[in-house]
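Chemist: Following is a predicted model, sequence given first.
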Amino acid sequence: MKTCLIIPVFNHEQALPQVLAALRPFGLHGFLVDDGSSAACRRVLEACVRDGADWLTLIVRPENGGKGAAVLDGFRTAIAEGFTHALQIDADGQHRIDDIPRFLAASREHPEALIAGRPVFGADAPKSRQYGRQFTNLWVWINTLSFAIGDAMCGFRLYPLDAVEHVCAHARIGRRMDFDIDIAVRLYWQGVRVVNQPTQVTYPLDGISHFRLWQDNLMISKIHARLFFGMLARFPALIRRHWQ
């Protein structure tokens, strides 16, 4: 196994240095994907890469294309450079970095599986966010005919890149906030096992959320609808898998 980090970045210049300092001791190569950030953020990114030239690579997207587009660019680069697995983690500090050894251990035990973060929220988590996730997870369970995916929106995941490469070759994965949902369901449809890893989630260190209430909720609703029709086409196979 050869595992790397993929960190999508869009104007997270305040939190990023602290996040990278916490990630460095794990000895994983990191791909920072600048998704069309501001000039101020780009300066911070460039400084971080200069200081971490032994373990960081900067991928620059000239225009903002969304979280999914950034992660997909990271996947392509990681595959081209010979990595077999990629740990996706956000740049804003919301994910519990101390849990990385547990993700790595689970991946070593199940190298063919998607190791998916299942958030444990603290008291600071708005109820509206939690209710929204419950709605999404309900649709994901419908669209997989399974409870295998514990949480479809958490961006803290460790992917087997051969499975990712295959699914991306056969489907256009969502480029924005629909990405995490879309790729998890499609990997499950492809036969990839999902190992859920509970992990504490806090709110961003930089106080920035790029979730657009109306646009992204509409986009997520559309992806649920598209996946539903995809599930109908796969219904017999999913039922067989469920009973097996």
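Modeler: Nice, thanks for sending it over.
Chemist: And the helices in the protein, which stretches?
Modeler: Here the chain has its helices, by DSSP state H, at 16-23, 39-51, 67-80, 100-109, 127-144, 161-170, 179-189, 213-243.
Chemist: Quick one: closest of these to Asn196.
Modeler: Closest approach to Asn196 among these (C-beta to C-beta): helix 100-109, 9.3 Å. (Each C-beta comes from the backbone N, C-alpha and C, glycine too.)
Chemist: How far does that closest one sit from its chain's centre?
Modeler: 16 Å (C-alpha atoms, centre = their mean, to the nearest Å).
Chemist: elements contacting that helix?
Modeler: Helices and strands touching helix 100-109, by 3 or more C-beta pairs under 8 Å, 6 or more residues apart in numbering; DSSP states H and E, are strand 85-88, strand 114-121, strand 157-160, strand 194-201.
Chemist: Using TSV, please lay out those strands together with distance to Ala169 and mean neighbour count.
Modeler: Shown next, in TSV, are those (distance: least, C-beta to C-beta, whole Å; neighbours: other C-beta atoms under 10 Å):
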stretch	distance to Ala169	mean neighbour count
strand 85-88	16	24
strand 114-121	17	21
strand 157-160	15	25
strand 194-201	20	18
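Chemist: Torsion angles phi and psi at the residue nearest to the spatial centre of the chain?
Modeler: Per C-alpha atoms, centre = their mean, the C-alpha nearest to the average position across the chain is that of Gly155, at 3.3 Å. Taking degrees, to the nearest 10, you get phi -90, psi 20 for the backbone angles of Gly155.
Chemist: Which stretch among the helices of the chain is buried most, on average?
Modeler: Compared across those, helix 179-189 shows the largest average neighbour count, a mean of 24 (mean count of other C-beta atoms under 10 Å).
Chemist: what about dumping the CA coordinates of that one to PDB?
Modeler: This file holds the C-alpha atoms of helix 179-189, laid out as PDB (Å, rounded to 0.1, in the frame of the first residue of the first chain):
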ATOM      1  CA  PHE A 179     -19.300  14.800  -4.800                       C
ATOM      2  CA  ASP A 180     -19.100  13.000  -1.400                       C
ATOM      3  CA  ILE A 181     -22.600  11.500  -1.900                       C
ATOM      4  CA  ASP A 182     -22.200  10.600  -5.500                       C
ATOM      5  CA  ILE A 183     -18.900   8.800  -5.300                       C
ATOM      6  CA  ALA A 184     -19.800   6.900  -2.100                       C
ATOM      7  CA  VAL A 185     -23.000   5.500  -3.700                       C
ATOM      8  CA  ARG A 186     -21.300   4.700  -7.000                       C
ATOM      9  CA  LEU A 187     -18.400   2.900  -5.200                       C
ATOM     10  CA  TYR A 188     -21.000   0.900  -3.300                       C
ATOM     11  CA  TRP A 189     -22.800   0.000  -6.600                       C
END
